[in-house]
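Q: Next one to model:
(one chain, ligands or ions: 1)
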Amino acid sequence: MTSFDAIVIGGGHNGLVAAATLAKAGRKVLVLEAAADVGGAARTEEFAPGFRVSSIAHVLNRLHPDVIKTLELEKHGLQVARTDFMPTVALSKDGPPLVLHGAYGEVLTGSTPSEQSAWKELRAQLLRYAGILKLFLSRRPPDLAGMSLKETAALGQIALALKKLGKEDMRDFLRVLLMNVADLLDEQLADIRLKGLLAFDATLGSHLGPRSPTSLLGLYYRLAGETGGAAGAQMLPKGGMGAVITAIRSAAEKAGVTIRTAAPVAKIIVEKGRAVGVALDSGEMLRARTIVSAINPATTMLDLVGPREIDTGFVRKVKNIRMKGDAAKLHLALDRPPQFSGVDAAGHKGRLVIAPSPDHVERAFNPSKYGEFSAEPVMEITLPSLSDPSLAPAGACVLSAVVQYAPYALKEGWDAGKPKFLKAIMTQLGTYAPGIGKSVLHTELLTPADIEARYRMPGGHWHHGELQADQMLMSRPVSGWSGYDTPVEGLFLAGAGSHPGGGVSGAPGLNAAKRIIAMKG
Ligand SMILES: Cc1cc2nc3c(=O)[nH]c(=O)nc-3n(C[C@H](O)[C@H](O)[C@H](O)COP(=O)(O)OP(=O)(O)OC[C@H]3O[C@@H](n4cnc5c(N)ncnc54)[C@H](O)[C@@H]3O)c2cc1C
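A: From the prediction side, this is the model:
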């Protein structure tokens with residue numbers, strides 16, 4: 001029987017990044033993935049005959065540069081070119097859209113000159129402040145209780161970056177840090193289309209409305225991400241998000257990682273407080289010195305380890321992680337490309353956002369607090385087959401949209417609610433792209449409950465746990481255990497539920513692997 005130094009549970013992108021990094025550092029690594037294929041929520045799949053789509057995550061905007069560099073992903077086929085950056089189009093019912101070009105609106109068109117200069121100033125400020133958060137992404141959050149000399153030095157670098165902001169900016173940074181995004185936008189901008197778009201981006205993937213306290217943090221998190229060296233830039237990978245997985249998988253296999261699919265882990269074996277192996281659903285047992293769980297932290301600790309192996313305080317903290325998703329995913333197979341009113345050909349290849357004002361986003365959010373879906377949902381739409389015709393039959397088109405708010409625990413239940421929510425979405429789409437309903441050949445709507453069941457993402461949550469102030473940095477996944485270690489010796493966490501959070505970044509996987517290597521695990 002082959003023995004391994006490390007077993008990675010979960011072959012999502014973070015699990016693969018962790019495995020590849022460990023293997024490159026000389027460890028013998030096995031990845032165990034429950035599904036028939038690796039990639040988790042970052043796969044490309046066929047949803048109708050001849051139509052393929054990025055089945056959950058569809059926009060690449062935060063794959064961490066250290067991940068690309070460490071795994072040499074460009075050598076493994078990942079293509080990230082500035083020419084692939086796509087615009088964002090803020091759609092409006094009442095007139096022409098507003099367009100952010102380049103890397104998150106280096107140029108803004110469709111608005112007044114005074115709004116353009118207000119945006120230029122706000123954009124620069126947002127990027128400066130997001131730059132502070134960015135310093136935290138590729139390292140363990142500071143352990144305030146017991147910092148090593150190295151960690152103290154790293155914190156010093158962050159303090160220096162803060163100081164570099166200058167007195168005025170630093171004061172403002174601290175003033176706005178925990179604000180709600182709507183208030184900040186009202187202070188600085190006038191155009192409700194631009195404000196609606198930013199309100200949407202700040203709250204995408206979270207259980208927050210733009211007027212919820214701290215909602216601005218979501219915008220910083222987004223802008224702390226980068227693509228091709230440009231903060232806030234976004235693209236649709238050729239071949240869908242699965243192409244990113246293909247590159248990471250290739251790097252992992254080249255480094256010697258063994259990958260087993262259709263191998264769900266049922267249990268983490270703990271002996272005398274130490275993780276020593278795993279048991280599969282099939283009953284097969286495998287042992288290793290280090291166990292890396294790149295799946296949800298609550299599933300890991302409560303289901304795979306079990307509460308009997310951990311102290312009650314820790315169990316309580318894990319049980320309290322909020323992770324009920326609000327984002328649904330819609331896929332339409334269309335017999336022809338749709339026409340969004342007032343949008344040109346370049347805009348149709350971009351990210352089309354329906355969030356016409358912050359109030360609209362807030363009103364869409366409100367029902368979700370009471371377990372109801374939005375009557376007029378907000379959404380981020382892409383038409384990936386326009387830039388990559390291999391995704392659809394000739395002349396046809398794929399529409400991929402993230403739609404909010406669709407509460408995981410819908411009061412009436414999703415069996416009854418899904419057809420009604422789909423109707424609300426199609427009505428909303430038809431307002432912006434008249435006649436779109438007539439060209440639909442096939443529809444797939446994945447609610448958070450569907451996402452949970454199909455992709456093993458508890459609550460169907462974007463980040464495997466809300467990414468809000470109390471569940472970030474030193475408090476992610478739970479306070480006291482933010483550095484990828486767990487109370488079970490030899491067991492580490494490496495998925496989106498860990499710092500810094502979700503999105504296709506690979507940062508949790510890379511940071512966890514670096515921690516394990518530093519611990520000589
Ligand atoms: C609707 C929606 C839209 C999104 N859109 C975007 C987007 O456009 N851009 C973006 O960057 N991010 C997006 N995200 C977020 C992104 O998809 C996730 O944050 C990211 O994919 C998480 O990666 P991961 O590797 O940590 O976990 P996952 O992708 O969830 O991978 C975990 C893997 O572990 C496997 N697994 C689970 N349990 C077991 C077990 N017991 N044994 C073995 N294997 C197991 C699963 O099958 C899965 O393959 C979106 C999320 C949602 C919900």
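Q: Test my guess that Gly503 contacts Gly225.
A: Yes - A contact is recorded between Gly503 and Gly225 when judged using C-beta atoms under 8 Å, the distance being 6.6 Å. C-beta: built from backbone N, CA, C; applies to glycine.
Q: Now for those two: what residues contact both?
A: Overlap between the neighbourhoods of Gly503 and Gly225 consists of Asn61, Arg62, taking contacts as C-beta atoms under 8 Å, 6 or more residues apart in numbering.
Q: which regions of the stretch 101-250 of the chain lie under the pLDDT threshold?
A: For the stretch 101-250 of the chain, the stretches with pLDDT under 70 are 144-151.
Q: what ranges do the strands span in it?
A: Per DSSP state E, counting those that start in this stretch, the stretch 101-250 of the chain carries strands over the ranges 107-109, 226-227, 230-231.
Q: Packing partners of the helix-or-strand element of the chain with minimal mean pLDDT?
A: Every helix and strand of the chain was ranked by mean pLDDT, DSSP states H and E. The lowest is helix 149-164, at a mean of 76. If you count contacts as 3 or more C-beta pairs under 8 Å, 6 or more residues apart in numbering; DSSP states H and E, helix 149-164 packs onto helix 113-137, helix 167-176.
Q: Residues contacting it, please?
A: Here helix 149-164 makes contact (C-beta under 8 Å, 6+ apart) with Gly131, Ile132, Leu135, Phe136, Arg139, Arg140, Pro142, Asp143, Met147, Met170, Phe173.
Q: The ligand: which of the helices and strands packed on helix 149-164 is closest?
A: Distances from the ligand to each of these were compared by C-beta to the nearest ligand atom, and the smallest falls on helix 113-137, at 13.2 Å.
Q: and the stretch 201-350 of the chain, which of its residues are near the ligand?
A: Those residues of the stretch 201-350 of the chain that sit near the ligand, judged by C-beta under 6 Å from any ligand atom, are Pro264, Val265, Ala294, Ile295, Gly325, Ala327, Lys329.
Q: ok, the first one to Asp303 distance?
A: Translated: Pro264. 11 Å (C-beta to C-beta, to the nearest Å).
Q: hang on, Ala6 in a strand?
A: Yes - applying DSSP: H, G, I helix; E, B strand; the rest coil, one finds Ala6 inside a strand.
Q: what's the closest non-adjacent residue to it?
A: Of all residues not flanking Ala6 in the chain, Thr290 sits nearest, at 4.2 Å (C-beta to C-beta, 6 or more residues apart in numbering).
Q: hang on, the one you found is in a helix, isn't it?
A: No - secondary structure of Thr290 (three-state DSSP): strand, not part of a helix.
Q: okay, now it: neighbour count?
A: Neighbourhood size, Thr290 [other C-beta atoms under 10 Å]: 22.
Q: Please list all residues in contact with it.
A: Taking C-beta under 8 Å, 6+ apart as the definition of contact, the neighbours of Thr290 are Asp5, Ala6, Ile7, Arg27, Ala275, Gly490, Phe492, Ile516, Gly521.
Q: Let me know the distance separating Tyr370 from the ligand.
A: Look at Tyr370 and the ligand: by C-beta to the nearest ligand atom, to the nearest Å, they are 21 Å apart.
Q: now the nearest residue to that residue once chain neighbours are set aside: how far from Ser282?
A: When the adjacent residues along the chain are set aside, Tyr370 lies closest to Lys411, with 7.1 Å between them (C-beta to C-beta, 6+ apart). In this structure, Lys411 lies at 38 Å from Ser282, with C-beta to C-beta as the measure.
Q: Doesn't Thr83 belong to a helix?
A: Yes - the assignment for Thr83 is a helix, going by three-state DSSP.
Q: per-residue confidence at it?
A: Thr83 is assigned 87 on the pLDDT scale.
Q: Please report the distance of it from Lys238.
A: Counting by C-beta to C-beta, the separation of Thr83 from Lys238 is 12 Å.
Q: The residue of the stretch 401-521 of the chain found nearest the ligand: how many residues sit nearby?
A: The nearest approach of the stretch 401-521 of the chain to the ligand comes at Gly502, 2.8 Å away (C-beta to the nearest ligand atom). With neighbours defined by other C-beta under 10 Å, the count for Gly502 comes to 24.
Q: need the contact list for it.
A: With the criterion set at C-beta under 8 Å, 6+ apart, Gly502 makes contact with Gly205, His461, Trp462, His463, His464, Leu467, Ala496.
Q: Next: Glu46.
A: Taking C-beta under 8 Å, 6+ apart as the definition of contact, the neighbours of Glu46 are Arg52.
Q: pretty sure it is in a strand, no?
A: Yes - read with three-state DSSP, Glu46 is one of the residues of a strand.
Q: Is it bridged to anything, and to what?
A: For Glu46, the beta-bridge assignment (DSSP bridges) gives partners Arg52.
Q: Before we move on, what's the pLDDT of it?
A: The per-residue pLDDT reported for Glu46 equals 98.
Q: do Lys324 as well
A: For Lys324, the pLDDT comes out at 98.
Q: Okay, angle between the helix or strand harbouring Glu444 and strand 44-48 too, please.
A: Of the helices and strands defined by DSSP states H and E, Glu444 is found in strand 440-446. Calculated by axes from the mean of the first three to the mean of the last three C-alpha atoms, to 10 degrees, strand 440-446 forms an angle of 130 degrees with strand 44-48.
Q: Tell me who's in contact with the nearest residue to Gly490 once chain neighbours are set aside.
A: Nearest in space to Gly490, with sequence neighbours left out and distances taken as C-beta to C-beta, 6+ apart, is Ala275 at 4.3 Å. If a contact means C-beta under 8 Å, 6+ apart, then Ala275 has Ile268, Ile269, Thr290, Ile291, Val305, Val488, Glu489, Gly490, Leu491 as its contacts.
Q: hmm, try it at 7 Å
A: The neighbourhood of Ala275, defined by C-beta atoms under 7 Å, 6 or more residues apart in numbering, consists of Ile268, Ile291, Val488, Glu489, Gly490, Leu491.
Q: For these, which ChimeraX command selects only the ones that are buried?
A: The buried subset of the contacts of Ala275, as determined by 16 or more other C-beta atoms under 10 Å, is captured in ChimeraX by this line:
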select :268,291,488,490,491
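Q: Among the contacts of Ala275, which ones are in strands?
A: With strands identified by DSSP state E, the entries of the contacts of Ala275 that belong to them are Ile268, Ile291, Leu491.
Q: Please tabulate those residues in JSON lines, including the columns distance to Met474 and pLDDT.
A: Written out in JSON lines, the entries for the ones in strands among the contacts of Ala275 read as follows (distance: C-beta to C-beta, whole Å; pLDDT from 0 to 100):
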{"residue": "Ile268", "distance to Met474": "25", "pLDDT": "98"}
{"residue": "Ile291", "distance to Met474": "24", "pLDDT": "98"}
{"residue": "Leu491", "distance to Met474": "20", "pLDDT": "98"}
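Q: Help me confirm that Lys266 is found in a strand?
A: Quick fix: residue 266 reads Ala, not Lys. Yes - when three-state DSSP is applied, Ala266 is found to be in a strand.
Q: Not counting its neighbours along the chain, what's nearest it?
A: Nearest-residue entry for Ala266: Asp281, 4.7 Å, with adjacent residues in sequence omitted and distances by C-beta to C-beta, 6+ apart.
Q: Please verify my assumption that the one you found contacts Pro264.
A: Yes - counting by C-beta atoms under 7 Å, Asp281 sits close enough to Pro264 to count as a contact (4.5 Å).
Q: higher neighbour count, these two?
A: Set Asp281 next to Pro264 and count neighbours by other C-beta under 10 Å: Pro264 wins out with 15 against 12.
Q: Now do the same for that one: its pLDDT.
A: In this prediction, Pro264 carries a pLDDT score of 98.
Q: tell me the phi and psi of the closest residue to Gly229 other than its chain neighbours?
A: Nearest-residue entry for Gly229: Pro65, 7.1 Å, with adjacent residues in sequence omitted and distances by C-beta to C-beta, 6+ apart. Dihedral pair for Pro65: phi -60, psi -30, per degrees, to the nearest 10.
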